[in-house]
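1. When you get a sec, could you give me coordinates for this:
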Amino acid sequence: MQIIVDGLFENPQGYRLDEMTTIGGTIVELDVDTMKPAINRLKRAQGQLNAVIRMLEEGSDCRTVVTQLSAASKAIDRAGFSIIATGLEQCLKNEDSTADKAEMEKLFLSLA
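-> I've put the predicted structure just below:
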């Protein structure tokens, strides 16, 4: 069940989604088990970001900080593409889906 609050969609878990998160006017709900690899990547990125913050607070070498920040950025990007790819796959499998190519492309390119 989705609820619209102040023009935003809110799912049962309380997360608010803007309209870019919808495809064909339908919110694509992702299966938690399917999202495990993306969740793990994001947790890894979270650890890397914590390390970057700690290194900055300790005055670490610029090269080390930038390398760690780059790794976190790549992990976030890959998780995002994985999430979108899985969502699009689920949407395309759904026979009732009203998704169109332009909306799917817009969602995918939102990470670019």
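2. just for this protein, where's the confidence low?
-> Counting by pLDDT under 70, the chain has low-confidence residues at 1-29, 91-92, 94-102, 104.
3. wait, is residue 33 part of a strand?
-> No - secondary structure of residue 33 (DSSP: H, G, I helix; E, B strand; the rest coil): coil, not part of a strand.
4. neighbours around it, how many?
-> 6 (other CB atoms under 10 Å). Just so you know, the C-beta spots here come from the backbone N, C-alpha and C atoms, and that holds for glycine as well.
5. For it, what are phi and psi?
-> Note on residue 33: its backbone torsions stand at phi -60, psi -40 [degrees, to the nearest 10].
6. and if you look at residue 59?
-> Phi and psi for residue 59, reported as degrees, to the nearest 10, are phi 70, psi 40.
7. let's number from 148 now, not from 1
-> Sounds good: first residue 148 from here, last item residue 206.
8. I'd like to know how far it sits from residue 199.
-> 13 Å (CB to CB, to the nearest Å).
9. Counting neighbours around each, name which of the two comes out higher.
-> Legend: neighbour count by other CB under 10 Å for residue 206 and residue 199, higher for residue 199 (20 against 7).
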